[in-house]
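Engineer: Task: produce atomic coordinates for the following.
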Amino acid sequence: MSWFTTDHIAVLLSVAAALGSLIGWWRNRKAALGAASEAVQARAVAERATSAAERSAASQDSMAQSLRLLAARTDRVETSLDELLPTRSPDWAVTPTTGRHFHVHNIGNATAYEVRLSSPTATTFDPPDPIAAWPVGVAREIFVLGSRLTGVPKLEIEWKQTPVAPDTEHREFPLASNW
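Structural biologist: As a prediction, the model looks like this:
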């Protein structure tokens, strides 16, 4: 065993130690590169989170400023809700039925109060008694008879918008459909 001497064993052990060191160095380098890559990724995530937080803070500041401006403008608005909503009031339709009979309908969007029907130019007029409240959609029948001397009769309707309203509303309808 000439090749198997102490020097050879020392060389083989040195080569094995060098290979072990090389493998250890390679593993440590790989781990360090992985850690560096993770650190770069973590730094990028942190920068994106910081940027998003700054954008969110800027957006919240902008919304707060907008709300302050809106509140300032709202204080100056003079339009009330009543001006924006459609007016609620009774409206009327008069339709002939048979002969000299007519139906009077409340076709508006509100109840009429203290309703009075009259026909000063009719020779015969059979109205209902004064009506305290005439709801929407309700019809009442009347009988109206005119003459050649008085001409086509007119139906006059007077009502109040509310039970306590001081003023009355007035509307006239010519009843010519049956004449």
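Engineer: Name the SS class of A16, please.
Structural biologist: A16 falls in the helix class when you classify it by DSSP: H, G, I helix; E, B strand; the rest coil.
Engineer: what's the neighbour count on it?
Structural biologist: Other residues within reach of A16, judged by other CB atoms under 10 Å, total 10. For the C-beta atoms, the positions are set from N, CA and C on the backbone; glycine is no exception.
Engineer: Likewise for I131?
Structural biologist: For I131, using other CB under 10 Å, the count is 18.
Engineer: Look at S177 and report its pLDDT.
Structural biologist: pLDDT, S177: 55.
Engineer: again with T74
Structural biologist: According to the model, T74 scores 63 on pLDDT.
Engineer: any chance you could map the strands in the chain?
Structural biologist: Here the chain has its strands, by DSSP state E, at 92-96, 101-106, 112-118, 124-126, 131-134, 139-145, 154-160, 169-174.
Engineer: Now tabulate these in TSV and tack on mean pLDDT and distance to G24.
Structural biologist: Below are these laid out as TSV (pLDDT from 0 to 100; distance: least, CB to CB, whole Å):
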stretch	mean pLDDT	distance to G24
strand 92-96	90	102
strand 101-106	90	100
strand 112-118	92	101
strand 124-126	84	119
strand 131-134	91	101
strand 139-145	89	104
strand 154-160	92	103
strand 169-174	90	103
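Engineer: Output those in JSON lines; the columns should cover distance to S51.
Structural biologist: Formatted as JSON lines, these follow (distance: least, CB to CB, whole Å):
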{"stretch": "strand 92-96", "distance to S51": "67"}
{"stretch": "strand 101-106", "distance to S51": "65"}
{"stretch": "strand 112-118", "distance to S51": "66"}
{"stretch": "strand 124-126", "distance to S51": "84"}
{"stretch": "strand 131-134", "distance to S51": "67"}
{"stretch": "strand 139-145", "distance to S51": "70"}
{"stretch": "strand 154-160", "distance to S51": "67"}
{"stretch": "strand 169-174", "distance to S51": "66"}
